[in-house]
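> give the three-dimensional model of this entry:
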Amino acid sequence: MLSSRVLLGTLALAAAISLTACGNKDATNNYNSKSYGHDGYMGLSNSNPHLPNRNGEFLNQDTDGDFAQSKLKQIPGVDKASIVFRAPDMFVTVTPRKGFDSARVKAEALTVLQFNMPRYNVHVNMAR
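As a prediction, the model looks like this:
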């Protein structure tokens, strides 16, 4: 009988101790919680990458590549550009037009892509 009372008491004490650890309240008696929506992780607009962004498009490398190509076409001096994604990196190879300074075209392409594609580490190389 004594051993069953000790066992029952031990179980009751263990249950009481485990219940006191629940609830993680802070000083204002509010429960701590995290929100993962729009958290900016890897530049995603939400934690679910298949949700459309504010332009109605889905975040994927196809639309990102098309967007980057359209931004590169706006830069004077860019003849052609090829883009390769290896998340979280975007590797861009730019062929400048004749008569344009390669260093200036490279710097402008890097600036434009870093500004417009913040979720990628942009690397720009020049081809001839």
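
> tally of neighbours for Val105?
22 (other C-beta atoms under 10 Å). C-beta coordinates here come from the backbone N, C-alpha and C atoms, glycine included.

> that's a helix at Ile17, yeah?
Yes: counting by DSSP: H, G, I helix; E, B strand; the rest coil, Ile17 falls inside a helix.

> all strands of this protein, in order?
Taking DSSP state E as the criterion, the chain carries its strands at 78-86, 89-96, 121-126.

> among those strands, which is the most enclosed?
Comparing the strands of the chain by mean neighbour count (mean count of other C-beta atoms under 10 Å), strand 89-96 ranks first with a mean of 18.

> who are the packing partners of that one?
helix 61-73, strand 78-86, helix 102-116, strand 121-126 (3 or more C-beta pairs under 8 Å, 6 or more residues apart in numbering; DSSP states H and E).

> could you export the first one as CSV, CA atoms only?
Pointing back at helix 61-73 there. Extracted as CSV, the C-alpha positions of helix 61-73 are listed here (Å, rounded to 0.1, in the frame of the first residue of the first chain):
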residue,chain,number,x,y,z
GLN,A,61,11.9,32.4,-60.5
ASP,A,62,10.1,32.6,-63.9
THR,A,63,8.4,35.9,-63.0
ASP,A,64,11.5,37.1,-61.2
GLY,A,65,13.6,36.4,-64.3
ASP,A,66,11.1,38.2,-66.6
PHE,A,67,11.0,41.2,-64.2
ALA,A,68,14.8,41.4,-64.0
GLN,A,69,15.1,41.2,-67.8
SER,A,70,12.6,44.1,-68.2
LYS,A,71,14.6,46.2,-65.7
LEU,A,72,17.9,45.4,-67.5
LYS,A,73,16.3,46.4,-70.9
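
> average pLDDT for that helix?
Helix 61-73 carries an average pLDDT of 90.

> helices or strands next to it in the packing?
On the basis of 3+ C-beta pairs under 8 Å, 6+ apart, helix 61-73 makes packing contacts with strand 78-86, strand 89-96, helix 102-116.
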